[in-house]
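Got a sequence here, can you model it:
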Amino acid sequence: MPGRGKVFFAVAILFAALGLGSLEASEPRPNLLLITIDTLRPDRLGCYGSPYLKTPTIDKLAASGVVFSRAFAHTPLTLPSHTNILLGTTPLAHGVHDNGLFKVPEDLPNLATYLKQNGYATGAFIGAFALDSRFGLGRGFDAYDEDYGSGTDMGFRFAERKAEAVIGSALAWLNGRPGPWFAWVHCFDPHQPYEPPEPFLTRFKNDLYSGEVAYLDAALAKLMGFLESSGQVGRTVVIFTGDHGQSLGEHGESTHGYFAYDSTLWVPLIISAPGLKAGRVAENVCHIDIFPTVCDLVGLDRPAYLQGQSLLPAMRGRGLASLASRPIYIESLYAYYRRGLAPLRGFIEGSKKFIDLPIPEVYDLGTDFGEAHNLAGKDVSREQAELAALTQSESVRQASPRPGLRAEDLERLRSLGYMTGFQPPNRTNFGPADDPKALLPYYRKYEDAQDLYFRNETEETIGLLKELIREKPDFDMAYTLLAAIYEKQRRMTDIEAVLKAGFEANPKSYSLALEYGMALASVGRNDEAIRVLEKAAGMIDWDPELWNSFGLAYAGKGDLEDARTAYERALSLDPKSSVVLSRLGAVETELARKNNDGESLRRAMEHFKQAIESDPKDAEAYNGLGAAYGMVGDLDAAIACWGQAVAIDPGHRFALYNLGTAYLGKGDKTNARKYLEKYKELCYRGLPPDEKAALDALLERCR
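Sure thing, here's the model as predicted:
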């Protein structure tokens, strides 16, 4: 390759100058271990002077590496922040501004694809659903381990797994693996709700957030111990950072994502590499600097599209002036995309921080790192011009919310509030009333309600949400959380009432239109449901759950062809949704029965099988497949499917009834009676008189 010798020679000189040793042609490149911790404040780490707890594992890493005192995230949300890290560009370039509503563009390379092209084995080990591969960060990874389960016992939270489980998966992949490898380990534990295991739960009972960090530090000891015991410390680059911080009440924000103060943008950053001298860097650095720094540390050319700077010169004590003088772009568009409020954008440059809002903010981080004193005067045109120039220079593509998420995924995001209140921005002029600060008292009350909910103080949660609705009828998130609580309490009438009131008060809220339409369909008011869902479709038509709900309503009123069309539309947006596949199979089964249509039955069986492949624990799919087998006369296969449904869900009434009648048809009265009696135990009181009589007759035949 032309110029290869010159490039290699330059890299070899660079490594020699750093004391890292030159890379011989036969010598493998260093491994890379990237550790990202969700929602981690630097002031909870000993190496950052924490008064709250000890973090010996992380502090040991810091003692052998370089600690960056002023590292900043560009966005205080999980998916955008990790996209910044792995793509080496800001949201202005990659277009991912929020969790759930955006997907990383498929045409953009990332750190994994680049390292894989250069001979690295690549593995990612993910702690929570926010970084699920379907959001687009899985490209380039040989393994993308996201085994965090399908849900939790409480709504409004991510499906997640503990740090020990994440690290255990990473160690299983790393054990015996020759280099060079790139392993990304993501731990979610410091994220709300704070539930550290013992002994940290007791030890930090008055500061559970710190307890989560202490547990995390203990869990990381196994990972760092592996590098030592396997002799790979001397050939592994380790980068440790957080995706964003946590406000913990500062500036009136208890969590993150709403504002962009340093309580949520300031993150730890520690880099350790073979031969690298320990030290500290006080200048401002940011997440997009990580990718180019990795390139220098492992001896690869930096891709031209990267927007950050390599930190290697700074770690040598050089090039600090360029870091001090450059602006770092920041944004927090959660309230913009979900509440229709003014977009929050700004920059950090040296000790100056500018937040461009209808009520602008300027801070001197050198003397006021806590941002207590707003220095903005009446004229911030100079700062606005600088932000406009920065925005223009880093903007590559115009972004918009992207389709392609599975129905189950959107439901999880919706339950967390991430889909709640999504109202596509339709204006560009904003006044002081649109400043996120103006809505803060209501948002804080909503956060307080969530905190109560996490503590299982349900009645107090309900009371606070009702109070919020009275004070701010157009605060749509309050309605959806209240409806979710009522759903857990099976208060169906109350669910419909609160969603109706919410939709009437918030006619532009997509989530309320969708949830209200779903609620109407679930109680059989299908024509009303369809009218409401049509209004939702006028706002967003790429949500597969919308078309899934249309299918449910059409099926409920007997319009099977329209139901099939709706489910097929949902499936085109979400090809692996077990829920949609199973419901489509059920409609096709009914069409086959109604029209004596063998092709519809064949397609139904195929869709049921695809649903089971997508989710092996889908009892509905097994029950439907059993019914299809029964229709073609394969009673043994039908019984096997219904048996699987009951094994997954022992209270699945349809599968129980089907098993009972199938065994009776085969003359096996013992099994027939067992399943029919279980069905009677669960369902008898709710059956109409004729069905009770029919069930009693079947049981009599079993005797």
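
Roughly how far does the residue sitting nearest the centre point of the chain sit from Glu146?
The chain has Ala130 as the residue nearest its centroid, 1.3 Å off, counting by Cα atoms, centre = their mean. Ala130 is 10 Å from Glu146, where distance means Cβ to Cβ, to the nearest Å. In this view, the C-beta of every residue, glycine as well, is placed from N, C-alpha and C.

returning to that earlier point: quick check: closest non-adjacent residue to the residue nearest to the centre of the chain.
Thr78 (4.2 Å; Cβ to Cβ, 6 or more residues apart in numbering).

pLDDT value on the one you found, please?
For Thr78, the pLDDT comes out at 94.

related to what we said a few turns ago, so the residue nearest to the centre of the chain makes contact with Leu79?
Yes - using Cβ atoms under 8 Å, Ala130 is in contact with Leu79, at 5.7 Å.

Count residues in the vicinity of Ala389, would you?
A count of nearby residues for Ala389, using other Cβ atoms under 10 Å, gives 12.

If you count neighbours, what's buried in the helix or strand containing it?
Using DSSP states H and E, Ala389 falls within helix 381-394. By neighbour count with 16 or more other Cβ atoms under 10 Å, helix 381-394 contains the buried residues Glu383, Glu386, Leu387, Leu390, Thr391, Glu394.

nearest to Leu269, of these?
Nearest to Leu269 among those: Glu394, at 20.3 Å, using Cβ to Cβ.

For that closest one, which non-adjacent residue is spatially closest?
Leu92 (4.2 Å).

if I look at the one you found, how far off is Ile290?
As judged by Cβ to Cβ, Leu92 and Ile290 stand 17 Å apart.

With neighbour numbers in mind, choose between those two.
The neighbour comparison of Leu92 against Ile290 (other Cβ under 10 Å) goes to Ile290, with 26 against 21.

wait, isn't the more buried one in contact with Phe240?
No - applying Cβ under 8 Å as the test, Ile290 and Phe240 come out as separate, 10.7 Å apart.

Low-confidence ranges, this protein, go.
Applying pLDDT under 70 to the chain flags residues 1-27, 100-101, 148-158, 397-426, 542.

Domain-wise, how is it divided?
Split into domains by automatic domain parsing, the chain comes to 29-326, 407-628, 650-703.

Nearest to Leu375, out of those?
domain 29-326 (14.4 Å).

and Leu656, helix, strand or coil?
At Leu656 the chain is in helix, as set by DSSP: H, G, I helix; E, B strand; the rest coil.

host element of the nearest residue to it once chain neighbours are set aside?
Excluding the flanking residues, the one nearest Leu656 by Cβ to Cβ, 6+ apart is Tyr679, at 4.2 Å. Tyr679 is part of helix 669-683, with elements assigned from DSSP H and E.

quick one: Arg41 from Tyr48, how far?
Counting by Cβ to Cβ - Arg41 and Tyr48 are separated by 9 Å.

Which residue of the two possesses the greater neighbour count?
Per other Cβ under 10 Å, whichever of Arg41 and Tyr48 has more neighbours is Arg41, with 26 against 18.

What's the local residue count around the nearest residue to the more buried one once chain neighbours are set aside?
Among residues not flanking Arg41 along the chain, Gly245 sits closest, at 4.7 Å (Cβ to Cβ, 6+ apart). Residues within reach of Gly245, counting by other Cβ under 10 Å, total 26.

and Gly245, which of the three is it?
coil.

quick revisit: contact partners for the residue nearest to Ala130?
Taking Cβ atoms under 8 Å, 6 or more residues apart in numbering, we find Thr78 in contact with Asp38, Asn99, Ala128, Ala130, Leu131, Asp243, His244.

ok, now Val281?
Val281 makes contact with Val66, Val67, Phe68, Ser69, Leu311, Ala314, Met315, Leu320, according to Cβ under 8 Å, 6+ apart.

Make CSV out of these and add distance to Pro197.
Converted to CSV, the contacts of Val281 look like this (distance: Cβ to Cβ, whole Å):
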residue, distance to Pro197
Val66, 32
Val67, 28
Phe68, 30
Ser69, 31
Leu311, 35
Ala314, 38
Met315, 36
Leu320, 42
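
ok, so of those, who is nearest Leu440?
Distance to Leu440 across these (Cβ to Cβ) is lowest for Ser69, with 29.3 Å.

Can you tell me whether I have it right that that closest one is in a strand?
Yes - counting by three-state DSSP, Ser69 is part of a strand.

The nearest residue to it once chain neighbours are set aside in helix, strand or coil?
Distances taken as Cβ to Cβ, 6+ apart place Ala282 nearest to Ser69, at 5.0 Å, with adjacent residues excluded. Of the three states, Ala282 takes strand under three-state DSSP.

Could you do Gln610 as well?
Classified using three-state DSSP, Gln610 is helix.

residue boundaries of the helices in the stretch 601-703 of the chain?
619-631, 635-648, 653-665, 669-683, 689-702 (DSSP state H, counting those that start in this stretch).

Deepest in the core, which of the ones you listed is it.
Highest mean neighbour count among the helices of the stretch 601-703 of the chain (mean count of other Cβ atoms under 10 Å): helix 619-631, with a mean of 25.

If you compare the directions of that one and helix 653-665, what angle comes out?
Angle between the axes of helix 619-631 and helix 653-665 is 30 degrees (criterion: axes from the mean of the first three to the mean of the last three Cα atoms, to 10 degrees).

Who are the packing partners of helix 619-631?
In terms of contacts (3 or more Cβ pairs under 8 Å, 6 or more residues apart in numbering; DSSP states H and E), helix 619-631 is packed against helix 578-595, helix 598-614, helix 635-648, helix 653-665.

any chance of these in JSON lines, plus distance to Gly211?
As requested, these are arranged in JSON lines below (distance: least, Cβ to Cβ, whole Å):
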{"stretch": "helix 578-595", "distance to Gly211": "36"}
{"stretch": "helix 598-614", "distance to Gly211": "37"}
{"stretch": "helix 635-648", "distance to Gly211": "35"}
{"stretch": "helix 653-665", "distance to Gly211": "43"}
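
how about these, which one is nearest Gly234?
Smallest distance to Gly234 across the helices and strands packed on helix 619-631 (Cβ to Cβ): 44.1 Å, for helix 598-614.

Other residues contacting that closest one?
Residues from elsewhere that reach helix 598-614, judged by Cβ under 8 Å, 6+ apart: 576-579, 581-582, 584-586, 588-589, 591-592, 618, 620-622, 624-625, 628-629, 631-632.

Quick check: Leu227 touching Val233?
Yes - the criterion here is Cβ under 8 Å, and Leu227 meets it with Val233 at 4.9 Å.

who's more crowded, these two?
Set side by side, Leu227 and Val233 give different neighbour counts by other Cβ under 10 Å, the larger being at Leu227 (19 against 16).
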